[in-house]
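Asker: missing the sequence, but the structure's below:
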């Protein structure tokens with residue numbers, strides 16, 4: 001393909017079924033910084049040379065534009081890897097400084113959102129339709145290090161204790177808002193033209209872009225199909241707020257479903273009913289906070305947990321500290337096990353010891369009384385030490 005740029009006029013010749021559009025407008029082009037990427041399912045081995053103003057333009061497999069790596073196969077895995085690598089460096093720096101300054105949990109989470117997440121999600125409006133599992137993995141890595149959890153801890157518990165949502169929620173929100181801003185922009189803007197063309201191609205069944213498909217499905221999942229069909233009559237401010245609210249509501253519903261269906265959350269769902277940052281995370285000293293969090297979320301070696309790794313049926317994970325032949329879970333050791341009877345009288349009020357039930361477990365683990373929480377932590381720590 002040859003392009004003649006003399007006098008600001010461009011002449012195009014088509015070859016190898018590749019269309020190229022170059023806009024010059026009389027501006028000078030640095031040929032050393034100009035590259036050509038041939039987008040196709042596989043690498044194009046044979047092609048004619050690309051010439052611009054009598055000079056050959058190099059053909060590459062990938063090109064970084066405004067920090068986003070575009071590859072010949074329309075995949076953005078390379079972009080995600082680079083963003084994850086940059087975000088990981090920022091995350092470890094944050095962890096080190098937070099430990100040195102002994103920052104509380106809520107401050108560390110806020111710093112992550114303002115310092116690490118912008119790096120991690122940079123350009124997600126473009127590449128967010130790809131599999132973002134690795135993005136969420138880094139997010140979970142930070143949260144589990146913050147809570148001092150094992151890697152095997154269910155993500156739903158981690159998110160529940162910290163009141164967090166998955167990165168996919170933010171990605172969908174950004175992509176939908178970016179699409180709407182682009183498609184409703186000035187008619188002569190290239191981004192607006194391309195968005196409208198892609199939408200028309202999808203509507204008439206000619207071609208469906210993976211990016212457009214992801215946005216369309218995301219909008220439909222939110223019950224906002226009218227936005228896709230009649231975007232011209234949608235208020236921008238309303239859309240921004242509505243998308244954010246519905247995405248969060250949907251995630252809360254999914255989180256509750258996961259908690260209720262998970263076999264590892266049988267006791268956790270008794271006292272954890274709301275996706276929010278627990279108050280004890282901020283109120284208690286770190287040594288107490290870590291112990292209570294681990295006990296709440298199954299980061300211990302009680303029979304209910306060790307039996308899972310040993311392949312023992314749930315009904316056979318019996319407490320070996322007493323003769324009650326009861327399931328060795330958190331409820332049993334806190335309220336029932338005779339081995340800890342004297343300690344139970346020492347650390348728990350009579351209200352919790354007499355006729356224990358699910359409601360009392362909920363009240364105990366959600367207590368706003370600092371003294372009650374500290375005594376509970378001491379009791380939990382004692383239980384863990386004896387069982388281990």
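Answerer: That came through fine. It should be emphasised that the depicted structure is a prediction, and the values quoted were computed from it without experimental measurement. Numbering: from 1, shown residues only.

Asker: output the below-cut-off pLDDT ranges for this structure.
Answerer: By pLDDT under 70, the weakly predicted segments of the chain are 1-27, 388.

Asker: what packs against the longest strand along it?
Answerer: Longest strand in the chain by number of residues (criterion: DSSP state E): strand 55-60. Judged by 3 or more CB pairs under 8 Å, 6 or more residues apart in numbering; DSSP states H and E, strand 55-60 is in contact with strand 35-37, strand 50-52. Heads up, the C-betas are built off the backbone N, CA and C, glycines and all.

Asker: show me what the first one is packed against.
Answerer: Which is strand 35-37. Judged by 3+ CB pairs under 8 Å, 6+ apart, strand 35-37 is in contact with strand 55-60, strand 62-65.

Asker: what residues does that strand touch?
Answerer: Strand 35-37 is contacted from outside by 20, 50, 57, 58, 59, 60, 61, 62, 63, 70, 71, 72, using CB atoms under 8 Å, 6 or more residues apart in numbering.

Asker: can you select the buried ones from those in PyMOL?
Answerer: Of these, the buried ones go into a single PyMOL selection, burial set by 16 or more other CB atoms under 10 Å:
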select buried, resi 20+50+57+70+71+72
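
Asker: quick one, helices of the stretch 201-350 of the chain?
Answerer: 210-221, 225-229, 236-261, 268-271, 280-283, 286-296, 303-309, 330-331, 341-347, 350-353 (DSSP state H, counting those that start in this stretch).

Asker: could these be laid out in a markdown table, adding mean neighbour count and distance to residue 191?
Answerer: Formatted as a markdown table, the helices of the stretch 201-350 of the chain follow (neighbours: other CB atoms under 10 Å; distance: least, CB to CB, whole Å):
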| stretch | mean neighbour count | distance to residue 191 |
| --- | --- | --- |
| helix 210-221 | 18 | 12 |
| helix 225-229 | 15 | 18 |
| helix 236-261 | 14 | 16 |
| helix 268-271 | 18 | 45 |
| helix 280-283 | 17 | 43 |
| helix 286-296 | 19 | 46 |
| helix 303-309 | 18 | 51 |
| helix 330-331 | 22 | 54 |
| helix 341-347 | 14 | 63 |
| helix 350-353 | 13 | 61 |
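
Asker: which among the ones you listed is found nearest to residue 117?
Answerer: Among the helices of the stretch 201-350 of the chain, the nearest to residue 117 by CB to CB is helix 236-261 (15.2 Å).

Asker: what helices or strands is that closest one leaning on?
Answerer: Going by 3+ CB pairs under 8 Å, 6+ apart, helix 236-261 lies up against helix 155-162, helix 167-183, helix 268-271.

Asker: out of the ones you listed, which is closest to residue 76?
Answerer: With CB to CB as the criterion, residue 76 lies closest to helix 167-183 of the helices and strands packed on helix 236-261, at 12.0 Å.

Asker: let me see the domain layout of this structure.
Answerer: What automatic domain parsing lists as the domains of the chain is 2-60, 172-261, 280-387.

Asker: in a markdown table: those domains, plus distance to residue 91.
Answerer: Below are the domains of the chain laid out as a markdown table (distance: least, CB to CB, whole Å):
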| stretch | distance to residue 91 |
| --- | --- |
| domain 2-60 | 31 |
| domain 172-261 | 20 |
| domain 280-387 | 19 |
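
Asker: what residues sit buried inside stretch 132-150?
Answerer: Result for stretch 132-150 [16+ other CB under 10 Å]: buried residues 132, 135, 138, 139, 140, 142, 143, 144, 146, 147, 149.

Asker: list the contacts for the last one?
Answerer: With contact set as CB under 8 Å, 6+ apart, residue 149 has these partners: 143, 158, 293, 294, 297, 299.

Asker: could I get the residues you listed as CSV with distance to residue 183?
Answerer: Compiled in CSV, those are given as follows (distance: CB to CB, whole Å):
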residue, distance to residue 183
143, 35
158, 37
293, 45
294, 48
297, 43
299, 47
